[in-house]
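[1] here's my sequence, what's the structure:
(one chain, ligands or ions: 1)
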Amino acid sequence: MAIRDATDVFSEWALKNRDEGMESGHANSVNDMLNLAIPKLKTSFSAIDVGCGNGWVCRKLETLETCHKVVGVDGSKEMIVKAKAKGSGDFHLANLPSWKPLDKFDLIHSMEFLYYLQDPLEMLKIFFEEWLMPGGILVAGIDHYRENKDSLDWPDALNVKMATFSESEWKRGMLNAGFIDVEMHRAGVKEGFVGTLVMLGKKL
Ligand SMILES: C[S@@+](CC[C@H](N)C(=O)[O-])C[C@H]1O[C@@H](n2cnc3c(N)ncnc32)[C@H](O)[C@@H]1O
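    From the prediction side, this is the model:
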């Protein structure tokens, strides 16, 4: 069977309400990620969630007094239909990397998105050069990575192409993209789960 586009698979998931399982399943890791990133930002910041799914992280950011603007983008039509139905946020249907926002952001957040791209390390460069304000922060979390052995059969199980990199390869990608103060963390660790691999970096 031909390899499937991730965005088609996630549209099917949205129609089966499996976006809600991702929302609850990813919440602990995303809370850890936001707790790492937000204290590093100025007191009034703009944010974009890339691969936003049903938009739950955008709605969470909207509740923060310090966040004055939130945008979400995803390539799945059904996820964006849901995101728009669940709130009044600014959501865009777009396949990445062939879209870019009109403005730059203080915070770029993404959860469980990067490894679906053909060239995730090039996306890190695009984030750095074209999407991020000076002084801005990128925080990205992924559960499919070399050290998470339980995740290594996901490409076959879903019949979707995924980029499988190690923690050191992702870190090198962040540094090569131009980020400074790069930090690597594990978020949402619990029994039976080695944690979400989190990369965080700043643009000077
Ligand atoms: C595992 S889901 C995570 C969704 C959300 N971040 C969450 O935590 O619930 C990955 C999301 O990335 C989106 N995605 C994958 N490849 C994409 C691409 N090339 N362009 C835009 N979105 C993409 C999918 O449509 C899907 O909604």
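
[2] tell me what the residue nearest the centre of the chain is bridged to.
    When CA atoms, centre = their mean is applied to the chain, the residue found nearest the centroid is Ser110 (1.5 Å). Using DSSP bridges, the beta-bridge partners of Ser110 come out as Ala140.

[3] next up, the contacts around it.
    When contacts are counted by CB atoms under 8 Å, 6 or more residues apart in numbering, Ser110 is found next to Asp49, Val50, Gly51, Val139, Ala140, Gly141. To be clear about C-beta, it is placed using only N, CA and C from the backbone, and glycine gets the same treatment.

[4] please apply the same query to Glu167.
    With the criterion set at CB under 8 Å, 6+ apart, Glu167 makes contact with Tyr145, Arg146, Glu147, Met184, Leu197.

[5] mind running it again at 7 Å?
    With contacts defined as CB atoms under 7 Å, 6 or more residues apart in numbering, the neighbours of Glu167 are Tyr145, Glu147, Met184, Leu197.

[6] of these, which is the most crowded?
    Ranked by neighbour count under the definition other CB atoms under 10 Å, the contacts of Glu167 are headed by Leu197 with 26 neighbours.

[7] how about the residues of the protein by the ligand?
    6-7, 10, 22-23, 26, 51-53, 74-76, 79, 95-96, 111-113, 116-117 (CB under 6 Å from any ligand atom).

[8] mind checking which of these land in helices?
    Ala6, Thr7, Phe10, Met22, Glu23, His26, Met79 (DSSP state H).

[9] export those residues as TSV, with columns for neighbour count and distance to Lys16.
    Rendered in TSV, the data for those read as follows (neighbours: other CB atoms under 10 Å; distance: CB to CB, whole Å):
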residue	neighbour count	distance to Lys16
Ala6	20	16
Thr7	19	15
Phe10	25	11
Met22	18	12
Glu23	17	14
His26	21	17
Met79	26	12
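
[10] where does the protein dip in pLDDT?
    The model of the chain has no residue with pLDDT under 70.

[11] swap the cut-off to 90 and go again
    1, 87-88 (pLDDT under 90).

[12] from the contacts of Ser110, which single one is nearest Leu64?
    Closest to Leu64 out of the contacts of Ser110 is Asp49 (13.0 Å), distances taken as CB to CB.

[13] in three-state terms, label the closest one for me.
    Using DSSP: H, G, I helix; E, B strand; the rest coil, the three-state assignment for Asp49 comes out as strand.

[14] ok, now how distant is it from Lys82?
    The gap separating Asp49 from Lys82 is 14 Å, by CB to CB, to the nearest Å.

[15] now do Leu200
    If you measure Leu200 against Lys82 using CB to CB, the figure is 28 Å.

[16] compare the two (neighbour count), which wins?
    Ranked by neighbour count (other CB under 10 Å), Leu200 and Lys82 place Lys82 first, with 23 against 20.

[17] show me where the protein has strands.
    Taking DSSP state E, the strands of the chain run over residues 45-50, 67-74, 90-93, 105-111, 132-142, 180-187, 196-202.

[18] ok, so of the contacts of Glu167, who is nearest Gly135?
    Taking CB to CB as the measure, Met184 is the one of those closest to Gly135, at 20.8 Å.

[19] nothing else from me, thank you.
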